[in-house]
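Chemist: Build me a model:
(one chain, ligands or ions: 1)
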Amino acid sequence: MCGIIAYQGVHNADQRIVEGLKHLEYRGYDSWGIAVATATGKMHRKRQVGEIGKVSLKSLNLPEAHIGIGHTRWATHGGVTQKNAHPHFSMNKKIVLVHNGIVENDEVLRKELRKKGYVFQSETDSEVVVNLIENYRKKVSLKEAVRKTMKDIAGRNAIVVLEQDGKELIATRNGSPLIVGVGEKEVYIASDIPAFLEHTQTVYYLDDGQMVVVQEGKPQFFDLTNGKKISRRKITVDIEPEQAEKGSYDHFMIKEIMDQKETTRKAVDQNERQLMEVAKMIKKAYGSFLVGCGSAAAVCKLGEYIFSTVANKHINAVEASEFRHFFGFLTSKSLMIVVSQSGETADVIEAIEVAKKKNVKIIGILNNTNSTIGRLADYVFPIHAGQERAVASTKAITAQFVVMTLLAYAAKGNVLEGKRKLVDVASQMNELLNPRYEKHIQRIARVLKNKEHVYILGRGLNVPVAKESSIKIQEISYIHAESFAAGELKHGPLALVTKGTPVIVLVGKDDTEDEMLSNAKEVKARGGMIIGISPENHSVFDHWLHVPNVGDMSYMVNILPVQLLSYYLGIMKGHNPDKPRNLAKSVTVK
Ligand code: G6P
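Modeler: So this is what the prediction gives:
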């Protein structure tokens, strides 16, 4: 959450920073800002409410400078205003800072600073941090001032600081990601690699409790606790910049939906030995947990069902944000399987940190394997989905479904059966995603676009798919979408159905099919409009969205029409499907 980029090097800082911010917008797009320090020791700052996407460098009119910092914000403390946008100056205007995270003891620190005469221009916790630095800086170096400040602040945070003389950039993290990119006579510090990927693939990952000082185009690393110099390993990352572009598509979301033609198949390619080893651990473990947030939490729930049906093994799926209520059940015999696209989700990281203290082994199903979670996990299954830019997850989810399925088949002792079935599913998905199908989806989207509520029903393996479907429709169309286990319908939700209420039913080609169809009839009898997702058209459907018959893997294909439907609903309602209001892709605050 929030994108940070800082630059020092031979090129113009404003150009590199604005370009970097455009790549980081998926982390937050409420407002943005940039500050550069010139060779003559003058600081210049520009901040604006809104997205940076369409802003031209020229319009900023910043002077030549070779050092600077930038930020794209997802508001936590304080509303979406220019005053709350980063970078923030300290009171004497000599220090400027960008910040990602939440300072949990912000109120106490603010009061102390006020007593010392500090006056605040914004409502942000970030301004508290920069003034703490200013206060310490009166007596010590900037590096020491940053170090002392980090000791004072509680919570998960990352900051980059620049002083007016423009001699150095100082950055440090405790819970929020920062990566240092090193190019030809230039250094970048950013929340994520795409910010500078066009210029370098050589990076250093900063870990919690570490600090980097960049002077004259060279980074030096320090331990935050004792200030001593440390060495970090240089890594060349294997990400192609073009993977992150949308090509001929209008939006990343539709491109990523279409990418599933290849990504589903790619996700099947997992290290068999590791699958078997982890499956053995799962079978032996006493208390295993599947942990994730948002769509990844829906994948975890699906995992619970798949493990039960395929491998006769119970694993508990828990949303990471709720996991602390279950910490007490973790022992050295437990296992934690975490699902995360970004590998940076704060609640997931917190759950892992607690589990690790209890010697719990961590298994990551991840897209960004170089992420914080990737580095914390004992075993990593890369989902090979390529970079996902749209805030709403699509191709990462189906790739996570694949890995979860393979793990369950490995636990059953027949990973090859799982692989064979998934390869077949992948080829059938490929055939489905065609322009004619999209046209049909658009027709249904027209029917739904002015509805206020949509309900989605599933049974068994399709209960978590219904949940994921509701998330997709909510975030892209802003229509109230809610999912229910179809059997729960009569226990409350049926009261919501009146004439014309749209209800999407996800039909599984398994022992749930008949019951699902009779639930659809119950809805229809009350005037509901049934949109059926199924390999066959049934008389109860008012509208039919065809999917291939993939037997007991219907969860793999039933999500596809809903992804497309959400996309076209968003388009028809005039939203930007890549950047839903109030949301961000990488949720690095709790
Ligand atoms: C955000 C994204 C979701 C994602 C969730 C968890 O809310 O918009 O698409 O499912 O975070 O993110 P993760 O990176 O851990 O999968």
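
Chemist: any residue of the one helix or strand Asn558 maps to up close to the ligand?
Modeler: Element membership for Asn558 (DSSP states H and E) is helix 554-572. No - figure legend: helix 554-572 not in contact with the ligand (CB under 6 Å from any ligand atom); closest approach 11.7 Å. Every C-beta, even on glycine, is put in place using the N, C-alpha and C of the backbone.

Chemist: which other helices and strands contact that helix?
Modeler: Contact here means 3 or more CB pairs under 8 Å, 6 or more residues apart in numbering; DSSP states H and E; on that basis helix 554-572 packs against helix 252-268, helix 395-412, helix 415-432, helix 435-448, helix 462-477, strand 502-506, strand 529-534.

Chemist: same for the helix or strand following the shortest one, what does it pack against?
Modeler: Going down the chain from strand 502-506, the next helix or strand is helix 513-525, by DSSP H and E. Judged by 3+ CB pairs under 8 Å, 6+ apart, the packing partners of helix 513-525 are strand 453-458, strand 502-506, strand 529-534.

Chemist: quick one: buried residues of helix 513-525?
Modeler: Across helix 513-525, burial judged by 16 or more other CB atoms under 10 Å covers Glu513, Met516, Leu517, Asn519, Ala520, Val523, Lys524.

Chemist: Which residues of this protein lie near the ligand?
Modeler: 293-296, 340-342, 345, 348, 391-393, 583, 585, 587.

Chemist: in the stretch 401-550 of the chain, what residue is nearest the ligand?
Modeler: Closest to the ligand within the stretch 401-550 of the chain is Glu475: 7.0 Å, counting by CB to the nearest ligand atom.

Chemist: and the closest residue to that residue other than its chain neighbours, what is it in contact with?
Modeler: Distance criterion CB to CB, 6 or more residues apart in numbering; nearest residue to Glu475, sequence neighbours excluded, is Pro580 at 4.5 Å. Contact analysis of Pro580 by CB atoms under 8 Å, 6 or more residues apart in numbering lists Val391, Ala392, Glu475, Ile476, Tyr478, Gly570.

Chemist: Backbone dihedrals for Pro580, please?
Modeler: The phi and psi values for Pro580, taken as degrees, to the nearest 10, are phi -60, psi 150.

Chemist: Report the buried members of the contacts of Pro580.
Modeler: Neighbour counting by 16+ other CB under 10 Å classes Val391, Ala392, Glu475, Ile476, Gly570 among the contacts of Pro580 as buried.

Chemist: In contact with Lys185, which residues?
Modeler: Here Lys185 is in contact with Gly9, Val10, Gly217 (CB under 8 Å, 6+ apart).

Chemist: Scan those residues and report the most crowded one.
Modeler: Counting neighbours by other CB atoms under 10 Å, Gly9 leads the contacts of Lys185 with 20 neighbours.

Chemist: For it, name its beta-bridge partners.
Modeler: Listed by DSSP bridges, the beta-bridge partners for Gly9 are Glu186.

Chemist: Number the residues from 7 up from this point.
Modeler: All set: I'll call the first residue 7, so the last point we hit is now Gly15.

Chemist: isn't it right up against Gly187?
Modeler: No - counting by CB atoms under 8 Å, Gly15 does not reach Gly187; the two are 10.3 Å apart.

Chemist: Walk me through the regions of this protein where pLDDT falls short of the threshold, as ranges.
Modeler: Within the chain, the set of residues satisfying pLDDT under 70 comprises 247-250.

Chemist: coming back round to it: between the buried residues of helix 519-531, which sits nearest Tyr461?
Modeler: Among those, Val529 lies closest to Tyr461 (CB to CB), at 8.2 Å.

Chemist: gap between that closest one and Pro508?
Modeler: The gap separating Val529 from Pro508 is 10 Å, by CB to CB, to the nearest Å.

Chemist: Kindly report the same for Val469.
Modeler: Val469 sits 19 Å away from Pro508, going by CB to CB.

Chemist: And these two? Which one has more around it.
Modeler: Val469 (26 against 23).

Chemist: Residues in a beta bridge with the nearest residue to the more buried one once chain neighbours are set aside, which ones?
Modeler: Nearest non-adjacent residue to Val469, counting by CB to CB, 6+ apart: Ala491, 4.8 Å away. For Ala491, the beta-bridge partners are Gly464 (DSSP bridges).
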